[in-house]
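1. Okay, here's the prediction I keep looking at, along with the sequence it came from:
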Amino acid sequence: MTDSTTQGNTHFISPQLLNKLNYQTPISKFFAEATYMSRRTEPESIDFSIGNAHEMPPPGFVEALQSWSVPQNEGWYSYKGNIPESRNTVSAALKDKRGVSILPEDIFMTNGTVVGLAICLEMLAGEGDEVIILTPPWLGYRRMVHLTGAVPVGVPVDTNTFDMNVEAIAAAITERTRAIIVNSPHNPTGKIFSASTLEGLASILTEASKRYGKPIYIISDETFSRIVFDNQVCPSPTQFYPFSFLVYGYSKTLMAPGQRIGYIALPSTMPNREEIRRIIAILQGSTFGWCFPSVLMQYALGDLEKININIEHLQKKRDWMVKALRDMGYKLNTPDGTFFLLVRSPWEDDCAFGELLANHDVFVLPGTPQEIPGYFRISFTASEDMISRALPKFQAAIEYAVANPHG
């Protein structure tokens, strides 16, 4: 008799879970079907599609890990949760680098931003609830919300300024709304949401929370909050609205996406913090498995916090690419932060233009699967050599597109 499990039979999985797992977002469909994605690793390929590091980690990163990898006692690598030293480090860094005051006991260490977001969503949302996301969204938000059983509700940013549309958010709130995910600087637009914008958001959430008799939370994804340009300030929603969770991960600033460490932080104004602390601790240690970051990364965090990403180097690459692309005839805004450029596609069909660039061995992320048709995204984590080799290819592509406006 043939074992049905060897034939791809999934009847042993609950229908509810299978439905959630089979849910396809526009971006997951793109990665599954885009033919040229498999060519990104070819020797001549120049990959701008994902924000992977194409340069060595910042000075001091390796030395910090080497230093703290030497055990100082027999329990050095035993099970550990939120190490007090790492919490103290985060609390001090938030105050020093962001002007945000959060107590060490209100900081919960995680395996990076994604786990922090998952914990917050699991805590706040469930079947039949709604979570507002700003579109275009970060690539993983829709699926993460869907996996809780909640419904992701997209609210577009302003198409001219890329600013948050507070009035549209107010119109999207219903009695089922449990949270809104805010990402600033925003991926993929690079927009920093100002203090006045966040105050406006806080006002409409406060009013809606009173109207429906329950708090509507902000889950603030602040992954890029230290990657800001032109000496700008990136305010946190936690400074304006008490029902806010600050979620952060170090992989972007350390340019080491495989070494995961981050945290969830609760502002001192958050009501019911004791109960929320208890719930987060349970989710960290059981529901999500042992999802605390590696003890080595926690030990080293004090030294890692002293490492500053080379913002000047990133800004130089940003300015270089913005000017060069504009000179060629591309249209794009200058991002306030992140390491992404969102560029207008010369063709209405941005996926087709992405294929055209791929024919020149340049790989970008089209806008349509990111829910912003007519654009494509470039990551300038690329090395200077990659940028130098790519710019003539961008030139050739736009010349062809202008000469052949219908593809």
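-> Yep, that arrived. It should be emphasised that the depicted structure is a prediction, and the values quoted were computed from it without experimental measurement.

2. hey, let's count contacts and neighbours off CA atoms from now on
-> Noted.

3. ranges for the helices of the stretch 201-350 of the chain?
-> Under the criterion DSSP state H, counting those that start in this stretch, the stretch 201-350 of the chain contains helices at 273-282, 295-304, 311-328, 350-359.

4. would TSV of those helices with mean neighbour count and distance to Y250 be doable?
-> Output for the helices of the stretch 201-350 of the chain, formatted as TSV (neighbours: other Cα atoms under 10 Å; distance: least, Cα to Cα, whole Å):
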stretch	mean neighbour count	distance to Y250
helix 273-282	14	20
helix 295-304	21	9
helix 311-328	16	15
helix 350-359	20	30
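
5. And those helices: which comes nearest F30?
-> helix 350-359 (9.7 Å; Cα to Cα).

6. Packing partners of that closest one?
-> Contacting helix 350-359 under the criterion 3 or more Cα pairs under 8 Å, 6 or more residues apart in numbering; DSSP states H and E are the following elements: strand 365-366, strand 375-379, helix 384-403.

7. can you rerun that using 6 Å?
-> Applying 3 or more Cα pairs under 6 Å, 6 or more residues apart in numbering; DSSP states H and E, one finds that helix 350-359 makes contact with strand 365-366.

8. Just the residues contacting the strand it packs on, thanks.
-> 49, 350-351, 354, 376-377 (Cα atoms under 6 Å, 6 or more residues apart in numbering).

9. Only the buried residues of stretch 234-243, if you could.
-> Under the neighbour-count criterion of 16 or more other Cα atoms under 10 Å, stretch 234-243 has 234-243 buried.

10. what mean pLDDT does that stretch have?
-> Across stretch 234-243, pLDDT averages out at 97.

11. One more: stretch 303-318?
-> The pLDDT scores in stretch 303-318 average 93.

12. quick one: what helix or strand has G190 in it?
-> Per DSSP states H and E, G190 falls between elements, in no helix or strand.

13. Of the buried residues of stretch 234-243, which is the nearest to I173?
-> If you rank the buried residues of stretch 234-243 by distance to I173 using Cα to Cα, F243 comes first, at 15.8 Å.

14. Contacts only, for that closest one.
-> Here F243 is in contact with 217, 270 (Cα under 6 Å, 6+ apart).

15. Going by neighbour count, list what's buried in stretch 23-35.
-> Buried-residue list, stretch 23-35, by 16+ other Cα under 10 Å: 25, 27, 30.

16. quick one: contacts of that stretch?
-> Stretch 23-35 has contacts (Cα under 6 Å, 6+ apart) with P369.

17. Pull the CA coordinates from it and hand them back as PDB.
-> Output of stretch 23-35 as PDB, limited to C-alpha atoms (Å, rounded to 0.1, in the frame of the first residue of the first chain):
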ATOM      1  CA  TYR A  23      -2.500  32.400   1.400                       C
ATOM      2  CA  GLN A  24      -0.500  34.200  -1.300                       C
ATOM      3  CA  THR A  25       0.400  37.900  -1.100                       C
ATOM      4  CA  PRO A  26       1.400  39.800  -4.300                       C
ATOM      5  CA  ILE A  27       5.000  39.600  -3.300                       C
ATOM      6  CA  SER A  28       5.000  35.900  -2.500                       C
ATOM      7  CA  LYS A  29       3.400  35.200  -5.800                       C
ATOM      8  CA  PHE A  30       6.100  37.200  -7.500                       C
ATOM      9  CA  PHE A  31       8.900  35.400  -5.900                       C
ATOM     10  CA  ALA A  32       7.300  32.100  -6.700                       C
ATOM     11  CA  GLU A  33       6.700  32.900 -10.400                       C
ATOM     12  CA  ALA A  34       9.300  35.500 -11.600                       C
ATOM     13  CA  THR A  35      11.500  33.600 -14.000                       C
END
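
18. just use 11 as the starting number from now, easier for me
-> In the new numbering, first residue 11, that becomes stretch 33-45.
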